[in-house]
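Engineer: quick one, structure for this:
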Amino acid sequence: MKLDAALPTVPLKDVPAIAKAAQEIGFDALWTQETQHDPFLPCALVAEHSESLRFGTAIAVSFARSPANLAYTAWDLSAQSGGRFILGLGTQVKAHIERRFGMTWPDSVTGKLREQIQVIRAFWDCWQNGTKLNFRGEYYKATLMSPFFNPGPLPPTPFGRGAGGEGLIPIYIAGVNTGLAKLAGELCEGFHAHPFNSPRYMNEVILPAIEDGLQKNGRTRKDITISMTPFVATSPEEESFARMQIAFYASTPSYHAVMDLHGWSETAQKLSGFAAKGEWAEMPMLITDEMLHEFCLVTTQENLATDLKKRYNGIADRLTLYTPFIPKEKDEWWRDLAKEFN
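Structural biologist: The predicted structure is shown next:
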């Protein structure tokens, strides 16, 4: 099990120092996200200011971009870093795609994401192996690649290629429900499990769906990496923060399946009602201690590494604490935690 770090929401000028510190402390990878900033721009700085640190997007919003954009950006970041880049994609939800990005929500989420991945790999196959670009699908048509626009092949790297040989650059996709989990098993090198999760939901819902996808394409569990971003709390303040985040995610209708599994559908509906009215302060009060412990690891700093391994053994291959990594804040604690995973 690898321990990774989440890049905090910071200006680009602060990224080089964070990348250097993350590598020095011993994290295996550093992940960016798409919230207040573009997720790809920090990756170029991470590549420049580290030598062994893997890095990637967790996630970039796929439906806000064309497959060509994603293929070129990932190609350049992989070339710059000697193969350390991981392309992590997520679909987001309908309201954000339509109202924040001004794009069209597809009839089939898994269908469109499947084609995006296939088109991206068609570009890569063309550039790496000289294969004619000729993709024709329901959502995308990509048939033109002249030499002027072809970046050429990537050289071999000490970091190797994607698990199972599916792609030159590993592709992870994120999801909460079974459709995207199954798609990850079929096509991808990795799956980013949503932070709003529980070991029970992973074992009873997500992992079986991934296994279905793996079997469909004759793959096995070793061909995919499961990356998780768990909530952890080692203090009352961290417990309060976790309650707020859990309440926020549980209010999202697309994520209600997680609450439904645990018998908390009524609470999820109440949370959605509060969110619709913008009554955010009332929401954490609906998260009971039982819910908190189901979705968040509540422990002590001394026992955190042991309890993380126990909780996610057989479930996750990579762990990234939901708490972002900020250098000079608990550096020795982070270093000690990383050592437990190396």
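Engineer: what about the strands in this protein?
Structural biologist: Along the chain, counting by DSSP state E, strands occupy 2-6, 29-32, 54-57, 60-61, 85-90, 135-136, 141-142, 171-175, 190-193, 225-228, 231-233, 296-298, 318-320.
Engineer: now the third one: mean pLDDT?
Structural biologist: Averaging the model's pLDDT scores along strand 54-57 yields 98.
Engineer: for the residue nearest to residue 217 when sequence neighbours are not counted, which residues are in contact?
Structural biologist: Distances taken as CB to CB, 6 or more residues apart in numbering put residue 186 closest to residue 217, at 5.1 Å, once the chain neighbours are dropped. Placement of C-beta: from N, CA and C, glycine included. When the contact criterion is CB atoms under 8 Å, 6 or more residues apart in numbering, the partners of residue 186 are 114, 213-214, 216-217, 219.
Engineer: need those in JSON lines (columns: pLDDT and distance to residue 234).
Structural biologist: JSON lines is the format used below for the contacts of residue 186 (pLDDT from 0 to 100; distance: CB to CB, whole Å):
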{"residue": "114", "pLDDT": "98", "distance to residue 234": "40"}
{"residue": "213", "pLDDT": "98", "distance to residue 234": "35"}
{"residue": "214", "pLDDT": "98", "distance to residue 234": "35"}
{"residue": "216", "pLDDT": "96", "distance to residue 234": "41"}
{"residue": "217", "pLDDT": "93", "distance to residue 234": "41"}
{"residue": "219", "pLDDT": "96", "distance to residue 234": "37"}
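Engineer: please list only the buried members of those residues.
Structural biologist: When the contacts of residue 186 are checked for burial by 16 or more other CB atoms under 10 Å, the buried set is 114, 213-214, 219.
Engineer: which of those residues fall in helices?
Structural biologist: In helices, judged by DSSP state H, the following of these are found: 114, 213-214.
Engineer: any chance of those in TSV, with distance to residue 236 too?
Structural biologist: Formatted as TSV, those follow (distance: CB to CB, whole Å):
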residue	distance to residue 236
114	44
213	41
214	41
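Engineer: and of those residues, the nearest to residue 171?
Structural biologist: residue 114 (11.5 Å; CB to CB).
Engineer: dump the residue contacts of the closest one.
Structural biologist: 183, 186-187.
Engineer: how many residues are close by residue 215?
Structural biologist: Number of residues near residue 215 (other CB atoms under 10 Å) recorded here: 13.
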